[in-house]
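1. just to be clear, the model below is a prediction. Sequence and coordinates:
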Amino acid sequence: MFFNTWADLFRVLLIGVLAYAGLVILLRVSGKRTLSKMNAFDLIITVALGSTLATAILSKQTALAESLTAFAVLVALQYVVAWSSTHWGFFNRLVKSEPKLLYYQGTMLRQAMRQERVVEVEMLQAVRSSGFSSLADVDAVIIETDGSFSVVSTSGERRETALQDVRGMGENRRRELQTP
């Protein structure tokens with residue numbers, strides 16, 4: 001139960017080091033985007049890579065070559081999805097959600113909060129985590145495509161062009177933001 005054989009421990013050590021090295025090499029070759037957290041698919045790939053690494057290390061039935069092949073398949077799939085989403089708008093909309101406005105200029109957008117399953121306490125936590133003690137200092141709170149919150153502070157000049165792609169802004173607000 002606590003110890004089987006020295007050979008088992010040596011196998012875990014050897015396969016662990018080799019699988020880890022193989023994964024690091026694949027990640028370096030594939031680029032920074034492979035482990036980004038830009039959308040749900042990126043998160044799935046990251047979790048799947050971790051699960052595959054654990055299986056490679058602990059499962060006697062999985063050969064090192066099979067694990068390295070699984071890493072390569074996951075990295076290749078992530079590359080294909082990322083490439084496709086940057087080249088085809090319909091594919092991008094298929095795999096990525098849009099950022100959504102939850103709070104804007106003193107108003108909590110309750111319907112948007114319900115749709116995104118965000119409660120007021122969570123939004124206030126995001127505001128506090130961003131260093132604000134008052135909603136009066138906050139112009140907008142957005143739930144991003146990866147589920148994180150962005151808090152935009154008020155500024156003297158109202159030209160928040162970073163908000164123009166956020167769902168919930170409405171066309172009138174978008175036009176206001178684009179005019180100098």
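-> Cool, the structure landed.

2. where does this protein have low pLDDT?
-> Scanning the chain with the threshold set as pLDDT under 70 gives 37-38, 155-162, 169-180.

3. show me what contacts P99?
-> By C-beta atoms under 8 Å, 6 or more residues apart in numbering, P99 lies in contact with I142, I143, E144, T145, S150, D165, V166, R167. Every residue, glycine included, has its C-beta placed from N, CA and C.

4. any idea how far it lies from L18?
-> 41 Å (C-beta to C-beta, to the nearest Å).

5. starting at the chain centroid, how far to the helix or strand hosting A19?
-> If you go by DSSP states H and E, A19 is part of helix 6-30. The gap between the average C-alpha position of helix 6-30 and the chain average comes to 26 Å, counting by C-alpha atoms, centre = their mean, to the nearest Å.

6. okay, domains of the protein per the record?
-> Listed domain ranges for the chain are 6-94, 100-178 (source: automatic domain parsing).

7. hmm, back to that, following the helix holding A19, which helix or strand comes up?
-> Read in the C-terminal direction, the helix or strand following helix 6-30 is helix 40-58, with elements assigned using DSSP H and E.

8. helix or strand next in line after that next one, which one?
-> Counting by DSSP H and E, the element after helix 40-58 in chain order, helix or strand, is helix 64-87.
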